[in-house]
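In: model the structure of this input:
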Amino acid sequence: MEYLNIYANCRIVKGAGMSLLYDLQLRRYYHIPNDTADVYLFLQQHSIEECVAHYGEDNRETIEDYIDFVISRELGFKDQQLLPELTTLDLSWDRYADITNVIIEYNEAIDYDGPFFRELFALHVQALEIRYYHAVTLDKIRAFVERFNGTTLKYIKLVLSYDKVLDLQLLDKLVKQYPRVKSLLIHSSPVLRQEKIFDGSVPVVFFDKPINSCMACGEIRANYFVSNLELFTESQHYNTCLNRKLSINLNGYIKNCPSMQEDYGHVATASLRQVLDNPVFRRYGSIRKDDITVCRDCEFRHACTDCRAYVENPEDVYSKPLKCGYDPYTNKWEDWTQHPMKQAAIACYGLKETNN
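Out: The predicted model follows:
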């Protein structure tokens, strides 16, 4: 008898209306009907002939097409047995640092050499996003990025305001000088486009709308979804946006995210230990997609980075992200800004002007 062996790194996540077949190694995913997902799940425990017998001989051709799909995309293979070597994927997740990623809304008036920042970047922080809402010179960008030489940072994302002086050639020189810079978003650009620099390894997204505050944050889009082992396993246990994240807003206040309402003190006076020991600070990082209304029924839930700052019901931290236009029950996308049921929350957060 023949069996279909699906690789352990290929995971099926069922939603209310559709399923997603994740390829966590090649970082791809495939949208499939729930009926197809049921066949794959059956095949993970039974032979192909047993599957045909279960679903009926008249479905043989369809089942064989499903199997061919898996094999053609290198998601699995046929064998005379279900190979025990394809062990269940370990879905545990942990890091040795209390904070792994940081957002800084840059403000020249803040002392970024103070004790809070020294403590913070001694914690083996891995990723940093630096947001510049207004135009800034290349020399000032260099001077700020230079501060992180000698730290454990592996990834820096720069959010910059469009300036025709900062052309691709200058940005290419910047990332070659500071190889930790691995992504750039240029807002307020005259044209929406995407380029790559540093021999095609660093994406530069030119965004044709202004980002002049944190209120532009939190939008859920299909092109933001990520299929990889890191995000998938973290999503099983934690919030994929706020887990082990710390942010410093434009005025120097410490938050989970610049868009969140709560703050945990100012960088000039607060100690990092006080922040980390605050149970409210840690609360948001533990809210999984499986805990969130609607999201728990969505097939994209382990590819999505979520948002707890803007939610459909501001009184319920477990409600669906406000800026998500996907309906997992109809499997359709719509403009979230126009949804009649979201208008009260949009007004509550003061987002009407941002959306116009």
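In: where do the helices sit along the stretch 51-200 of the chain?
Out: 60-72, 115-120, 138-146, 168-177 (DSSP state H, counting those that start in this stretch).
In: which strand or helix spans Tyr40?
Out: Secondary structure from DSSP states H and E places Tyr40 in helix 34-43.
In: which strands or helices does that helix pack on?
Out: With contacts defined as 3 or more Cβ pairs under 8 Å, 6 or more residues apart in numbering; DSSP states H and E, the packing partners of helix 34-43 are strand 3-6, strand 10-14, strand 18-23, helix 48-55, helix 60-72. From N, CA and C alone the C-beta is placed, and that goes for glycine too.
In: got the helices of the stretch 51-200 of the chain as TSV, with mean neighbour count columns?
Out: Formatted as TSV, the helices of the stretch 51-200 of the chain follow (neighbours: other Cβ atoms under 10 Å):
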stretch	mean neighbour count
helix 60-72	15
helix 115-120	16
helix 138-146	14
helix 168-177	15
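In: returning to that earlier point: what's in contact with the helix holding Tyr40?
Out: Applying Cβ atoms under 8 Å, 6 or more residues apart in numbering, the external contacts of helix 34-43 come out as 3-4, 6, 12, 14-15, 17-19, 21, 51, 54-55, 63, 66-67, 70.
In: I'd like the mean pLDDT over that helix, please.
Out: If you average the pLDDT over helix 34-43, you get 97.
In: worst-scoring helix or strand of this structure, pLDDT-wise?
Out: Sorting the helices and strands of the chain by mean pLDDT, DSSP states H and E puts helix 352-355 at the bottom, at a mean of 63.
In: using PDB, write out the CA atom coordinates for stretch 96-116.
Out: What follows is the C-alpha trace of stretch 96-116 in PDB, where atoms were taken according to Å, rounded to 0.1, in the frame of the first residue of the first chain:
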ATOM      1  CA  TYR A  96      16.900  33.900  26.600                       C
ATOM      2  CA  ALA A  97      16.200  37.700  26.600                       C
ATOM      3  CA  ASP A  98      13.300  39.500  28.400                       C
ATOM      4  CA  ILE A  99      13.100  41.900  25.500                       C
ATOM      5  CA  THR A 100      13.900  40.800  21.900                       C
ATOM      6  CA  ASN A 101      12.500  43.700  19.800                       C
ATOM      7  CA  VAL A 102      12.300  47.500  20.300                       C
ATOM      8  CA  ILE A 103      10.600  50.400  18.600                       C
ATOM      9  CA  ILE A 104      11.900  53.900  19.000                       C
ATOM     10  CA  GLU A 105      10.000  57.000  17.700                       C
ATOM     11  CA  TYR A 106      13.000  59.200  17.200                       C
ATOM     12  CA  ASN A 107      13.000  62.600  18.900                       C
ATOM     13  CA  GLU A 108      16.200  64.700  19.100                       C
ATOM     14  CA  ALA A 109      15.100  66.100  22.500                       C
ATOM     15  CA  ILE A 110      15.500  62.600  24.200                       C
ATOM     16  CA  ASP A 111      18.800  61.500  25.700                       C
ATOM     17  CA  TYR A 112      19.400  58.100  24.100                       C
ATOM     18  CA  ASP A 113      22.600  57.600  26.000                       C
ATOM     19  CA  GLY A 114      20.800  57.500  29.400                       C
ATOM     20  CA  PRO A 115      20.900  54.500  31.800                       C
ATOM     21  CA  PHE A 116      17.500  53.100  30.700                       C
END
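In: just give me the neighbour total for Ala345.
Out: Other residues near Ala345 number 19, with proximity taken as other Cβ atoms under 10 Å.
In: centroid-nearest residue for the protein?
Out: Computing the C-alpha centroid of the chain and ranking residues by Cα atoms, centre = their mean puts Thr305 first, at 3.2 Å.
In: quick check: which of the helices of the stretch 51-200 of the chain is nearest to Leu246?
Out: Comparing those by their distance to Leu246 (Cβ to Cβ), the top pick is helix 115-120, with 6.9 Å.
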